[in-house]
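J.: next one to model:
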Amino acid sequence: MLSNLRKYQERLKKSFKIGYKRYIYSTINFDDKMVGLFGARGVGKTTLLFQYLKELELHNKKALYISLDYPFLSGVDLIDLVEEYAQEGGEYLLLDEVHRYEDFSSNLKTIYDLFEIKVIFTSSSATSILNAKSDLSRRVTLYNLNGFSFREYLEFKHKMVLEAFDIKDILQNHIQIIENLAIDNINIVKEFKEYLEVGYYPFYFDKQTSYYQNLLNTINLTIDLDLTSLGLIEQKYTYKLKKLLEVICESKPFEVNYTKIAALAEISRVKLYDYLSYLHDGQMLLMVDENVNGLKKVQKAAKIYLNNTNLLFAYCGSCEIGTIRETFFANQVSHKYTLNISKQGDFVVDKKYTVEISGKSKGYEQIRDIPNSFVVVDDIEIGSGNKIPLWLFGFVY
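T.: The predicted model follows:
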């Protein structure tokens, strides 16, 4: 079996020739005994594994890549396989798609406890790991891989290097940041519009002509395979999740009516909250809470968005520009910072900064009297005062 796995490894390694390393690569502590990388389908988890595999081989380390959705692994005992690998002197184990293996959390715990092997694995979900009865959460360091930021999209497309910025720096020094960016030869507004439509998933650059169809296939695979593999939903009910996505497409984020959504999706209110959680877990939805604390905090999101703007264009047909702008901001900023809904603006970042998102003609009156308040504006290259270009928030990672 190990020889077959090595043949697959060599064959696949030849097809992964991407040198560009995602933002998260330098932040991962590969010295930890067990590392988990989770994120949506298509954001580059497998590519990262092969980049690390090549790095290990350059340092003459013994490493083995296994995708747990290989058909020939059906019925194979993973612990027996790892034991054989350990006896051969194996040092590193790279496990892809672990959620496809039955009772994967218990198997990972056993590997951690019994073998002196470092493991890095990928999964589409963090919740199933953190909630695992095997208490795997104490043993694994988890990292969430988002899709391309706007910064990364520009880097990859134009073969350039651009710096990421802290949110505080963007809010306070946005003019200086933009003046120092080496993007003079780029129509930044045009590039940003393109990113909103097609730039979030790295596989766009391989499948440009069929990008939306592949993105729809990715959504279906996430629901039909990943969420069912995790035991979150039975196969016979997956159509309800797809129906729910369609309903959310037709609903405005600022008009979340759970009773109406449940009725349109033809599911009960009780099931609705579960299904929303599953879709959020599969990184197809983004849910933002109100800016409240303690007993007043409501156990349901104040706004519900599709996870990113590419999903809006692929799944929703037509969508309002206001929804597109808010979805972009929420997707990029919430990956690194706490994001809540604001009663006077659109969002509050880290309980401190109030943000109103708009087109370039929008005034500042609505939030003028609020400390640390900013207007984030679409369709401009550079801002002034507390008016900041929306595209710059694609540089937070």
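
J.: where does this structure dip in pLDDT?
T.: Along the chain, segments meeting pLDDT under 70 span 126-134, 292-300, 363-364.

J.: got the domain ranges for it?
T.: 2-144, 151-395 (automatic domain parsing).

J.: export the ones you listed to CSV and tack on mean neighbour count?
T.: (C-beta placed from N, C-alpha, C; glycine too.) What follows is the domains of the chain, written out as CSV (neighbours: other CB atoms under 10 Å):
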stretch, mean neighbour count
domain 2-144, 17
domain 151-395, 17
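
J.: does the closest residue in space to Y278 that isn't next to it in sequence count as helix, strand or coil?
T.: Nearest non-adjacent residue to Y278, counting by CB to CB, 6 or more residues apart in numbering: L232, 4.8 Å away. Under DSSP: H, G, I helix; E, B strand; the rest coil, the three-state class of L232 is coil.

J.: surely L232 is in contact with L276?
T.: No: contact criterion CB atoms under 8 Å: L232 and L276 do not qualify, at 11.8 Å.

J.: any idea which helix or strand carries D289?
T.: Assigned by DSSP states H and E, D289 belongs to strand 285-290.

J.: follow-up on the earlier one: now the residue nearest to Y278: phi and psi?
T.: Backbone torsions for L232, taken as degrees, to the nearest 10, come to phi -80, psi -30.

J.: when you give positions from now on, start the count at 36
T.: Got it, the first residue is 36 from now on, which makes the last one we talked about L267.

J.: just checking, E232 touches T344?
T.: Yes: E232 lies in contact with T344 (CB under 8 Å); the separation is 7.2 Å.

J.: what's I202 in contact with, if anything?
T.: Residues in contact with I202, defined by CB atoms under 8 Å, 6 or more residues apart in numbering, are V368, K371, Y372, V384, D385, Y388, F428, V431.

J.: one more: N375?
T.: So N375 contacts V323, D324, E325, N326, A337, F382, V383, K386 (CB under 8 Å, 6+ apart).

J.: show me the strands in the stretch 236-385 of the chain, by range?
T.: Secondary structure of the stretch 236-385 of the chain (DSSP state E, counting those that start in this stretch): strands at 320-325, 338-341, 374-376, 382-384.

J.: switch those strands over to JSON lines; also include distance to F191.
T.: As requested, these are exported to JSON lines (distance: least, CB to CB, whole Å):
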{"stretch": "strand 320-325", "distance to F191": "23"}
{"stretch": "strand 338-341", "distance to F191": "23"}
{"stretch": "strand 374-376", "distance to F191": "25"}
{"stretch": "strand 382-384", "distance to F191": "26"}
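
J.: I'm done for today, thanks for sticking with me.
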